[in-house]
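**Q** with the input below, show me the fold.
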Amino acid sequence: MSSLTILTLAIIAAANMAVGGCIGICGIAGFLLPMLYTGGLGFDVTYALALSFLAFLVSGIIGSFNYYKAGNLEVRMSLKLGIGSLIGAIAGVFLQSMIEKSTAKTILYLVVLFSGASILVRMWNEKRKADSVSAKKVISDGKNSASSNPSHPKSIADHMGFLIFLGITTGAICSLSGAGGPVLVMPLLVACGVSARIAVGVALFDSVFIAIPACIGYLSRITWTEILGLLVLIVLTHGIGVWLGSRFAGKVPVQGLKIFVAVFSVCIAIYMLA
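**A** Numbering: from 1, shown residues only. Okay, here's the model as predicted:
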């Protein structure tokens, strides 16, 4: 780790900026970083997780701040979810050394696959309902229907007990597998009826609660002072990517964002499981 080549540093910088941009736009892609570090660059798993969660901490802070300024972050929902995620992340760091990594990743991608498929099924059902309504009602109530359809699931997502349970579960899985948070939390929130942009903002803010204990836990297991320059490079490049991506996110159509997240989640989950 102390003798990284210029090419390796360039790959790490480019990857962090690109992944940061994707996280800022749609809240997913963070899991690509630990995959790059371990599979592409041959880093030790503990180093890979330490570097990844440092980036996730940066993306969570910058991304959620931009989403908050744009009015796409529900703070009360985020705090309830964050309480559970903090507890789950602490547990996940301890479990990481005891649970087979392949098992943890299998669970993660099964949940991602289910979440993406749930979004697509929900959108298909909503389209069928809309098609069955008269043309006059669609014109007069279409906009209101689009926002009110998720009212019942959204009330479930606002329930404190549900959010804390969701946070504990996803926080544990993400912290021990290196998924970061948004790739798992965001599709689940959308499947519960939360709008896509709000779900991204909440998931980014929630990733801070996951990343803090994960950063402390994994960085404490390595000699991080020897790679201080690399840590600074990751913070800068990932931060720039997230800032640019989250600033651009408001221009992405909500429906298009839902489809993209769902299809991407399903495809990447099937690929990783295969």
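**Q** name all residues that make contact with residue 167.
**A** 80-88, 206, 209 (Cβ atoms under 8 Å, 6 or more residues apart in numbering). C-beta: built from backbone N, CA, C; applies to glycine.
**Q** and it, how far from residue 77?
**A** 11 Å (Cβ to Cβ, to the nearest Å).
**Q** equivalent analysis for residue 90, please.
**A** Applying Cβ to Cβ to residue 90 and residue 77 gives a distance of 21 Å.
**Q** looking at the two, which is more packed in?
**A** residue 77 (23 against 20; other Cβ atoms under 10 Å).
**Q** any idea how far that one is from residue 245?
**A** Taking Cβ to Cβ, one finds residue 77 at 22 Å from residue 245.
**Q** how about stretch 91-99: buried residues?
**A** Residues of stretch 91-99 classed as buried: 91-93, 95-96 (neighbour count, 16 or more other Cβ atoms under 10 Å).
**Q** same question for stretch 206-224.
**A** 206-215, 217-219, 222, 224.
**Q** report the central residue of the protein.
**A** Central residue of the chain (Cα atoms, centre = their mean): residue 182, 1.2 Å from the mean position.
**Q** which pLDDT value goes with it?
**A** At residue 182, the predicted lDDT confidence score is 83.
**Q** wait, isn't it in contact with residue 24?
**A** No. Residue 182 is beyond contact range of residue 24, at 10.1 Å (criterion: Cβ atoms under 8 Å).
**Q** out of the buried residues of stretch 91-99, which one sits closest to residue 266?
**A** Nearest to residue 266 among these: residue 92, at 24.2 Å, using Cβ to Cβ.
**Q** how near is that closest one to residue 75?
**A** 24 Å.
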